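Participant: Need coordinates for the below:
(2 chains)
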Amino acid sequence: MGAVLLKADQVTKFYGDGQPVLVLDRITLELAEGEFVALLGPSGCGKSTLLRILAGLIPPSRGQVLVRGEPLHGINPAAAMVFQTFALFPWLTVLGNVELGLLARGVPKPERERRAREMVDLVGLKGFETAYPQELSGGMRQRVGFARALVVGPEVLLMDEPFSALDVLTAENLRRELFELWTGGRLPTRAVLMVTHNIEEAAALADRIVILSANPARVRVELPGLPPNLRQTRGPERTALVDVIYRVMTSPAADVTALIPGARQPEAPAEEVGVYQMLPHVSLGQVAGLVEQLRARGGREELYQLAEDLGLEAGDLLPVVEAADLLDLVEVVEGDIILTKAGQKFAAADPETRRRIFRRQLLIRVELVEALRATPQHRILAQVFRSRLEQVFTRAEAARQLETAVAWARYAGLVGYDPKLDVLFRPAEAE
Amino acid sequence: MSWANGWFFLMAAEQFGVGARSFRLPGLGAYLRAAADAGHVGALGLGLLTLIAVVVLIDQLLWRPLLNWADRFRYEQAGGLRPPGSPVLGLLRRSTLARGAWRWVLGPMVAWVDEGLNRLFLRLGDRPPARTRKPGRSRWAWVALGLGFGFLVGWGLVETGRLLAELDPADWAELAAGAGASFGRVVLALSLAFLWTVPAGVALGLRREVGGRVLPLIQLAASIPATALFPAVILLVIRLPAGVELAALLLMLLGSQWYVLFNVVGGTLAIPTGLLEAAGIFRLSGWKRWRLLLLPGIFVHLVTGLITAAGAVWNATVVGEYISFGREAYRTAGLGAFITARAEAGDTAGLLAGTLVMALLVVGLNRLFWRRLYRWAETRFRLD
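Facilitator: Below is the predicted model of the structure:
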């Protein structure tokens, strides 16, 4: 491995005024020359924030970013970035967008144009130089995004979920091309750091996979990727790696060394800041659908197999599994997802009984629903709960947490909500 | 925003003169004017405070609750700028008294009217189709109507021509010079508004939290009628060299800049975070950042703001270019001054000519300039 190009050294980030919320907790991460690293974590865990800190767009609250050993102040001069939303300038042509970074650096016009054209060729957009982004498909837009980042010849290429806004086939195609350019040494960059929530994607591309936990984000484990020749095809090795990652990500509380013998643990053992339940943002309808699927498969299925059969990415399936697990309808054992007793009962029940099971499970298992029901008042302002949650979560996340809890409780008929008044109340029938 | 325009003319209308007579209606506008005429600064200050209080109260008690309530009639489920919250609406919604009033008084009344209308329309629908009338008669009726209308239009045109023929070349020369001067003033006022609101608005909008919070304040500032502030402005600047000119310009600026500022802040807030980040990581800075990111990003909004402001500025010329203050009348050359002066002199022909020129100018500018600019902005600089 080559020299370390970019390093996050004990990077910590708090968000919010008043009661600051810990988002990133002492994250240390190295990116060396020649490496392709995937940063994997559940949605909303703060991995994009980490990427922006490494890019110098946001300052860390504590700790520092080192670029070739030098502390970073301001924008990272050695990095370029590819965005999930493409972030193309709609009033500039393809060529204009690609030239952007060169223009800012004061490269003279003829050279600027020559280099931009070269890069447009490289990403396969020859002939579209004068098109505007609106005229392009999503995949082509992201190609422009790649060209724009690569044209400046960055030491480090940072990618923020670069394929997640594309449809499956387009993403697959673009991933493959990127991989071929990278392994063929044709990408004018020395290292790549990609943020993703897609397990397959990480396994298909990365030399090294760093898995983050959520809320706050910590480095849970670093796994070596597959040898390049095994990455792009779905052989047994890749299946095994995906399975391992699934196992780690579906048991967020478990000790990683127990799951993967010989895994490289981060040096700083996480000290607990207080445990609180975090609800995954899915609907109970989706949970019911998952239970249904499992029943149809005899009550047990390998997680990644289920995801693949349903055409889902990990990021989409995992929260549903997590919710079902939370409600004790399923459990996850070594990458397999199994219906529990309650789950089997649920699967066999009629709609009214299902509702009753949901109601019971919510009351026993979900702290927030319990708290909603436990208020002595008949009616209470939702803001009261939101403020309480804001002591643990960021303001946006607190709102989403309550939204999810209320949606679940409403589904089960446990709590009523009046959005006009922002008031929670107990429905008459559940008294 | 139309509300502000209403105020604008309410203030002007309370204090006007035609010929030798001067009319004064009891009102805040007349009060302010009288205070300024008498040079009574304390009274002027109090009047202004009252005015601001009235505007704020109406905003809080009427517009904000209405806007918030109207939010339910929107088609989109999510996204877009939500109107600022309304404590008054919350209070009303939670109040037992209001709920009682709705339940026992207003609710039944609405239900009764609703029921009545329902029955009425049902009955109308039930009526057998009207029997076919003789086709001839209805056609003749239409022809008669058309003829009558045509006659009225023709007569109007002839009268207009006759009146306009009364004007001698000197009048037309004055009118042309005035139109030119006013046009220049409008351009200057809009340029000034542009020059200060764009940097200020972008700076506010880039601080997202701050931007979101100042938007309602700007809206409030915009609804304080500039005509009400005008007496105070006159008092301040009339003694300066070129005081009238300055006063007119200030009035035009006061009546229009808020629209531009509002749209610039809103436009900056609408620039996607991704674009700002991309500009950051690719190190666009200084003029390049303005040229490639900020100006194109706010352009559609900016044009919208300028169009609204242009309308307001033309309004202001009528009030601002011809000022009677105390016992004296100050005027500066301009289309607005021309119109006001002819109105005071009772010169119908001149008044008509001035108004026509103003109408032509405003409509012409709209058609030839603003609309094209807007269409271009929208196709070229839309953010989607």
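Participant: Quick one: the helices in the stretch 201-350 of chain B, in order.
Facilitator: Assigned by DSSP state H, counting those that start in this stretch, the helices in the stretch 201-350 of chain B fall at B:208-222, B:226-237, B:243-254, B:257-270, B:273-281, B:286-289, B:295-320, B:335-345, B:348-365.
Participant: Enumerate every residue touching the closest residue to chain A within chain B.
Facilitator: Nearest residue of chain B to chain A: B:Gly274, at 3.4 Å (C-beta to the nearest C-beta). Yep, even glycine has a C-beta here, placed from its N, CA and C like the rest. Shown in contact with B:Gly274 (C-beta atoms under 8 Å, 6 or more residues apart in numbering or on different chains): A:83-87.
Participant: In JSON lines, list the helices of the stretch 201-350 of chain B along with mean pLDDT.
Facilitator: Below are the helices of the stretch 201-350 of chain B laid out as JSON lines (pLDDT from 0 to 100):
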{"stretch": "helix B:208-222", "mean pLDDT": "81"}
{"stretch": "helix B:226-237", "mean pLDDT": "76"}
{"stretch": "helix B:243-254", "mean pLDDT": "85"}
{"stretch": "helix B:257-270", "mean pLDDT": "90"}
{"stretch": "helix B:273-281", "mean pLDDT": "93"}
{"stretch": "helix B:286-289", "mean pLDDT": "92"}
{"stretch": "helix B:295-320", "mean pLDDT": "89"}
{"stretch": "helix B:335-345", "mean pLDDT": "85"}
{"stretch": "helix B:348-365", "mean pLDDT": "89"}
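Participant: Output these as CSV; include the columns distance to A:Gly343.
Facilitator: Below are the helices of the stretch 201-350 of chain B laid out as CSV (distance: least, C-beta to C-beta, whole Å):
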stretch, distance to A:Gly343
helix B:208-222, 44
helix B:226-237, 69
helix B:243-254, 69
helix B:257-270, 46
helix B:273-281, 41
helix B:286-289, 56
helix B:295-320, 51
helix B:335-345, 79
helix B:348-365, 71
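Participant: Out of those helices, which is closest to A:Leu29?
Facilitator: A:Leu29 lies closest to helix B:273-281 among these, at 18.6 Å (C-beta to C-beta).
Participant: how distant is that closest one from the center of its chain?
Facilitator: Relative to its parent chain, helix B:273-281 has a centroid offset of 35 Å by C-alpha atoms, centre = their mean, to the nearest Å.
Participant: what angle sits between it and helix B:257-270?
Facilitator: 80 degrees (axes from the mean of the first three to the mean of the last three C-alpha atoms, to 10 degrees).
Participant: Point out where the stretch 301-431 of chain A drops to low pLDDT.
Facilitator: A:314-315, A:376-377, A:428-431 (pLDDT under 70).
Participant: Around chain B, pick out the residues from it.
Facilitator: Selection of the stretch 301-431 of chain A residues close to chain B by C-beta under 8 Å from any C-beta of the partner chain yields A:420-421.
Participant: Could you let me know which of the contacts of B:Gly274 ends up closest to chain B?
Facilitator: The closest of these, once distances to chain B are taken by C-beta to the nearest C-beta, is A:Ala87, at 3.4 Å.
Participant: wait, the closest one sits on B:Phe282?
Facilitator: No - A:Ala87 is beyond contact range of B:Phe282, at 10.0 Å (criterion: C-beta atoms under 8 Å).
Participant: residue contacts, the residue nearest to A:Thr130 when sequence neighbours are not counted?
Facilitator: Counting by C-beta to C-beta, 6 or more residues apart in numbering or on different chains, A:Thr130 lies nearest to A:Thr93, which is 5.1 Å off, once chain neighbours are set aside. When contacts are counted by C-beta under 8 Å, 6+ apart, A:Thr93 touches A:129-132.
Participant: which residues of the stretch 151-300 of chain A fall in helices?
Facilitator: Going by DSSP H, counting those that start in this stretch, the stretch 151-300 of chain A shows helices at A:168-183, A:199-205, A:228-231, A:236-250, A:256-259, A:284-296.
Participant: Can you tell me which of these has the worst average pLDDT?
Facilitator: Sorting the helices of the stretch 151-300 of chain A by mean pLDDT places helix A:256-259 lowest, at a mean of 67.
Participant: re earlier: mind checking how far the residue nearest to the residue of chain B closest to chain A when sequence neighbours are not counted is from B:Glu378?
Facilitator: What sits nearest to B:Gly274 in space, not counting adjacent residues and going by C-beta to C-beta, 6+ apart, is A:Ala87, at 3.4 Å. Taking C-beta to C-beta, to the nearest Å as the measure, A:Ala87 falls 21 Å from B:Glu378.
Participant: again, but for B:Pro199
Facilitator: 24 Å.
Participant: you'd agree A:Ile27 is up against A:Thr12?
Facilitator: Yes - using C-beta under 8 Å, A:Ile27 is in contact with A:Thr12, at 7.5 Å.
Participant: list residues touching both of those two?
Facilitator: A:Gly63.
Participant: Neighbour count for those two, which is higher?
Facilitator: Taking neighbours as other C-beta atoms under 10 Å in any protein chain shown, A:Ile27 and A:Thr12 compare with A:Ile27 leading, 27 against 17.
Participant: May I have the beta-bridge partners of the more buried one?
Facilitator: A:Val11 (DSSP bridges).
Participant: show me what contacts it?
Facilitator: A:8, A:10-12, A:50, A:63, A:212, A:217-219.
Participant: From those, keep the buried residues only.
Facilitator: Neighbour counting by 16 or more other C-beta atoms under 10 Å in any protein chain shown classes A:8, A:11-12, A:50, A:63, A:212, A:217-219 among those as buried.
Participant: so which of those comes closest to B:Phe183?
Facilitator: A:Leu50 (56.6 Å).
Participant: Can you check the pLDDT for that closest one?
Facilitator: Predicted confidence (pLDDT) for A:Leu50: 95.
Participant: before we move on, what about the one 5 residues further on?
Facilitator: We note a pLDDT of 96 for A:Ala55 in this prediction.
Participant: What count of nearby residues applies to it?
Facilitator: Neighbours of A:Ala55 using other C-beta under 10 Å come to 24.
Participant: try A:Glu397
Facilitator: With neighbours defined by other C-beta under 10 Å, the count for A:Glu397 comes to 20.
Participant: Let me see the backbone angles for the nearest residue to it once chain neighbours are set aside.
Facilitator: Computed as C-beta to C-beta, 6+ apart, the closest residue to A:Glu397 that is not its neighbour in sequence is A:Gly44, at 7.0 Å. When quoted as degrees, to the nearest 10, the phi and psi of A:Gly44 stand at phi 70, psi 20.
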